[in-house]
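Asks: got a predicted structure here, sequence first:
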Amino acid sequence: MNNIFQITKESSIMLYGALNIGVSLLKALKAADLNVQGFIDRRADEIEHVDGVPVWSPDDFPGTEETIIIITIKNVFEHVNIVNNLFSKGITNLIYYPYGYGKVESTEFIKIEMAFNSIINSRYNGVFPDLDKINPIPQTTHKIMPQYSFEKYVTEYDENSYILKIPVEFIFTEILDELNNKTKINILALPHVNLFSYFSGVEKSSVDRYFEYNKHTMLTQGFEVTDKWLASNLASRLQVYSEMQRQFVLDPDFFIKNAQDAKWDEEGFFMINGGRHRLSFLISKGYNYLPLKINKSSLDKFQNKEAYMKLNSYLKKNEIEKVLSPVPHPYFYEYPSGRPEYYNLTSSKILQFAFNYFFAEDGFSFPSKTILSVSENYFSLVRYFARIGYNCSLTGQFDKKELLVNKLLNIDSSQFQEKVIYKKQSYDIIYVSIDEYHKVEDIISNTSFSLLFMESPDPKYIKTVAELKSLNFNQLGVDFLNGEEITIGVLYHES
């Protein structure tokens, strides 16, 4: 059998990770009279030796193509990234936990996982497993690319329908606008979200928009709105919230078992006709993927398998193992991202702030707005704005990968104006991403806007710019890019 290796008494073994698991495993290896050459650890400059065994840095360990490395990092989510890094250094004899891969791709991953589990478990009793039971072990012969599995997130409800967790970006409903006409809005714009965020104790949330929504709805139907009615309505909604909170704690599957029916709309999103309270409740709890019940036709259109195949082929061909911000599609739910919490920590906060801000002047009419995205690399937010009907301009340009992502997400690339010159232009919203934050002072000086959302590695910088330009400033929170903190803020003029 080709592309295999075996652990023998003559093998040179290194342990990646010099903490508890690695130290315990060292004892079992020594007891089995196996040769441990040393540890590999990012803190090698702080730890020179462990039980007399040297500790090396990942950048300068003395490994060869014959070296066997057992990854003993407790966080198994890190293992594949470590494996790819070691493979790039010519190491192929690797034992690790292939999280998410063993059941998806091949028997090689299953064999590696079995060897890893047998070896790691020996740290408990100090007895290394019989070598005949773990040998031979498959070598790592190529970089491990992220896995895609649409089916993993689909649950068959009955013979005609399925339950799937759908990104908030794709969920829309209808409300009556100021002229009593039906208008489609993204669920994040529902005042119900504000209400349940208020009940959940979310900072700076209020019930005002929900009260205005109820007044608007009642008046359009010819009913009188009194303070007594509003108080009764609020008490009723609090009771609904309390019941859902009880289910949320005691029976989390309640929201799956009672998933809201939805149907694919040809504009590129799902429409719901009910379930607003349930879905708004989940959003108030920080959920950005919500359970919907859909039919086979809607499932196929959202899956968009042909577009996925083209994107998948491109990513593999170009060995793109990580995207900058998450792609809101089940194929990519587990795909590594530089900003894994982008939708929770950045986009949802920006969208909600914008919806609340413009409500003061637009009420429930939800007219289209203009947005300028100042970024060369981040397009997730501007796609979201495009999906809700905003006119979107970019200082950057979609590359081949981003165009393929647009196809997968049912976004028409032709609706964007690319490589625009923003000077002396006016926009309702400007978004300045982390890769272009140094341009913000020039942007403020040469454009007019209602809201300017920006990201910065320095939390003081946004406030300094606001003071310099005599603008109001709100810090919306923080996000993380490859583990480094980013501040998210908004600048705006006095209203």
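Replies: Nice, thanks for sending it over.
Asks: which intervals of the stretch 1-150 of the chain have sub-threshold pLDDT?
Replies: 1, 100-106, 147 (pLDDT under 70).
Asks: all helices of it, in order?
Replies: 20-31, 79-88, 107-125, 131-134 (DSSP state H, counting those that start in this stretch).
Asks: what residues of the last one count as buried?
Replies: So the one you mean is helix 131-134. Of all the residues in helix 131-134, those buried under the rule 16 or more other CB atoms under 10 Å are I134. In this view, the C-beta of every residue, glycine as well, is placed from N, C-alpha and C.
Asks: list the helices and strands it packs on?
Replies: helix 107-125 (3 or more CB pairs under 8 Å, 6 or more residues apart in numbering; DSSP states H and E).
Asks: and the helix it packs on, how far from the chain's centre?
Replies: The chain centre lies 30 Å from the centre of helix 107-125; the measure is CA atoms, centre = their mean, to the nearest Å.
Asks: now it and helix 20-31, what's the angle there?
Replies: 80 degrees (axes from the mean of the first three to the mean of the last three CA atoms, to 10 degrees).
Asks: on that earlier part again, for the helices of the stretch 1-150 of the chain, which one sits closest to D51?
Replies: Smallest distance to D51 across these (CB to CB): 6.1 Å, for helix 20-31.
Asks: helices or strands up against that closest one?
Replies: strand 13-16, strand 36-40, strand 49-50, helix 107-125.
Asks: and the ones you listed as CSV, adding mean neighbour count?
Replies: Compiled in CSV, the helices and strands packed on helix 20-31 are given as follows (neighbours: other CB atoms under 10 Å):
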stretch, mean neighbour count
strand 13-16, 24
strand 36-40, 23
strand 49-50, 14
helix 107-125, 17
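Asks: could you dump these to JSON lines with distance to N288?
Replies: Below are those laid out as JSON lines (distance: least, CB to CB, whole Å):
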{"stretch": "strand 13-16", "distance to N288": "34"}
{"stretch": "strand 36-40", "distance to N288": "36"}
{"stretch": "strand 49-50", "distance to N288": "42"}
{"stretch": "helix 107-125", "distance to N288": "30"}
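Asks: ok, which of the ones you listed comes nearest L234?
Replies: Closest among the helices and strands packed on helix 20-31, using CB to CB: helix 107-125, at 53.3 Å.
Asks: list the contacts of that closest one.
Replies: 21, 24-25, 27-28, 70-72, 94-98, 101-103, 128-129, 133-134, 137-138 (CB atoms under 8 Å, 6 or more residues apart in numbering).
Asks: with stretch 294-311 instead?
Replies: Here stretch 294-311 has contacts from 148, 150, 154, 160-164, 166, 170, 261-264, 270, 329-331, 401, 404-405, 407-408, 410, using CB under 8 Å, 6+ apart.
Asks: which members of the residues you listed occur in helices, if any?
Replies: Residues of the contacts of stretch 294-311 located in helices (DSSP state H): K401, L404, V405, K407, L408.
Asks: nearest to S450 among those residues?
Replies: For the ones in helices among the contacts of stretch 294-311, the nearest to S450 is V405 (28.3 Å; CB to CB).
Asks: can you list the buried residues in the host helix or strand of S236?
Replies: Here S236, judged by DSSP states H and E, is contained in helix 227-250. For helix 227-250, the neighbour count (16+ other CB under 10 Å) marks L230, N233, L234, R237, V240, Y241, M244, Q247 as buried.
Asks: which one of those is nearest to T464?
Replies: For the buried residues of helix 227-250, the nearest to T464 is Y241 (39.8 Å; CB to CB).
Asks: hmm, F281 and that closest one touching each other?
Replies: Yes - contact status for Y241 versus F281: in contact at 6.7 Å, counting by CB atoms under 8 Å.
Asks: name the residues contacting each of those two.
Replies: Contacts common to Y241 and F281, judged by CB under 8 Å, 6+ apart, are F196.
Asks: show the contacting residues for G275.
Replies: Counting by CB under 8 Å, 6+ apart, G275 has contacts Q260, D261.
Asks: one more pass at 7 Å, please.
Replies: G275 makes contact with Q260, according to CB atoms under 7 Å, 6 or more residues apart in numbering.
Asks: same check, this time on A32
Replies: F128.
Asks: got the phi and psi for it?
Replies: Backbone torsions of A32, given as degrees, to the nearest 10, read phi -90, psi 10.
Asks: which one is S448 nearest to, not counting chain neighbours?
Replies: S426 (4.4 Å; CB to CB, 6 or more residues apart in numbering).
Asks: part of a helix, is the one you found?
Replies: No - under DSSP: H, G, I helix; E, B strand; the rest coil, S426 sits outside any helix and is assigned strand.
Asks: use 12 as the first number for this chain going forward.
Replies: Renumbered: residue one is now 12, and that last one reads S437.
Asks: okay, now it: neighbour count?
Replies: 11 (other CB atoms under 10 Å).
Asks: the strands in the stretch 62-211 of the chain, which residues?
Replies: 64-67, 79-82, 104-106, 148-149, 165-169, 172-178, 182-187, 193-197 (DSSP state E, counting those that start in this stretch).
Asks: give the bridge partners for L175, please.
Replies: Note on L175: beta-bridge partners by DSSP bridges are V165, L303.
Asks: tell me how many other residues crowd it.
Replies: Neighbour tally, L175, other CB under 10 Å: 23.
Asks: just checking, it touches L303?
Replies: Yes - if you go by CB atoms under 7 Å, L175 and L303 touch, sitting 6.3 Å apart.
Asks: okay, now the unreliable bits of the stretch 362-506 of the chain?
Replies: For the stretch 362-506 of the chain (pLDDT under 70), the answer is 506.
Asks: in it, which spans are strands?
Replies: 381-385, 402-405, 436-443, 458-467, 483-492, 495-503.
Asks: list the buried residues for the fifth one?
Replies: By neighbour count with 16+ other CB under 10 Å, strand 483-492 contains the buried residues N485, L487, D490, L492.
Asks: got it, and the shortest one?
Replies: Neighbour-count burial for strand 402-405, counted by 16+ other CB under 10 Å, picks out N402, C403, S404, L405.
Asks: could I get these in JSON lines, plus columns for distance to I361?
Replies: Shown next, in JSON lines, are those (distance: CB to CB, whole Å):
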{"residue": "N402", "distance to I361": "17"}
{"residue": "C403", "distance to I361": "14"}
{"residue": "S404", "distance to I361": "17"}
{"residue": "L405", "distance to I361": "16"}
